[in-house]
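J.: Sequence first, then the predicted structure:
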Amino acid sequence: MQNKTKDSVSHRKRKTILIFFQSFYYSSIAFVVLLLITNFVLPTAVMNVFGYNFYRMSSSSMSPTIDTNDFIIVKKASINDIQPNDIIMFSTNAQLHSVPITERVIVVHYFGYIDENHNIYTYKEENKALDDLNPDKYDVWGTETTPYFVQESDLLGKYISTINLQNVFRTFLTPYPYGLIAILMSGLGLAAVRHRKELHE
């Protein structure tokens, strides 16, 4: 009877240890996935979660309000939710090189106004101090021969706040931590397999 009790306690211990290893192992996987998303997906794309967009700022056009590599939160909004001087995120056609060819890009700039043709005018940080009536204040999109005007359908949302994660994730921009994490996860995986085998013996 005493041996059975000891075996039962030992079995519960092994099961608890196995659950711990598995929980830590899968949490580590989730953490690595989060790092990969923040470092490699967000620079070129928008991640949408429950109506909120997460984006990594890829330019300095809004510095110092929003610096390059800052992670920002943008809430889905309509044009009726936007006021002058609000920061908005939108997609547009931009000429990025000397060749008059446009590319679809995501931009985070200030909202200026919307005209009678429903064209949205925006401006960057360095033009903030210019008079609202000065046409040089506002962004020009498209090419010289084929201008593009931002529409309400291009609006992705309104800026809410900045998440200062750059210092946290700076270390993980190099490959070395991923190697250490891979070794750690391999060890945890092997330990979990060994305890699972012991549990079923």
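T.: Everything's here; your move.
J.: The closest residue to residue 113 other than its chain neighbours: neighbour count?
T.: Nearest residue to residue 113, sequence neighbours excluded (CB to CB, 6 or more residues apart in numbering): residue 121, at 5.5 Å. From N, CA and C alone the C-beta is placed, and that goes for glycine too. Residue 121 has 20 neighbouring residues, counting by other CB atoms under 10 Å.
J.: any idea which helix or strand carries residue 121?
T.: strand 120-123 (DSSP states H and E).
J.: ok but residue 73 is inside a strand, no?
T.: Yes: under DSSP: H, G, I helix; E, B strand; the rest coil, residue 73 falls within a strand.
J.: pretty sure it is touching residue 163, no?
T.: Yes: look at residue 73 against residue 163 with CB atoms under 8 Å: they come within range, at 6.5 Å.
J.: what is in contact with the two at once?
T.: Shared contacts of residue 73 and residue 163 (CB atoms under 8 Å, 6 or more residues apart in numbering): residue 54.
J.: Okay, now the unreliable bits of this protein?
T.: 1-15, 17-49, 164-201 (pLDDT under 70).
J.: Touching the strand holding residue 121 from outside, list them.
T.: Contacts of strand 120-123 (CB under 8 Å, 6+ apart): 79, 88, 90, 107, 109-115, 130, 137-139, 149-152, 154-155.
J.: try stretch 94-104
T.: Contacting residues not belonging to stretch 94-104 are listed as 91, 92, 93, 105, 107, 141, 142, 143, 144, 145, 146, 148 [CB under 8 Å, 6+ apart].
J.: out of the residues you listed, which one sits closest to residue 159?
T.: Closest approach to residue 159 among the contacts of stretch 94-104 (CB to CB): residue 107, at 11.6 Å.
J.: so who does the closest one touch?
T.: 61, 89, 90, 91, 92, 94, 122, 139.
J.: Just give me the closest of the residues you listed to residue 53.
T.: Nearest member of these to residue 53, counting by CB to CB, is residue 89, at 6.5 Å.
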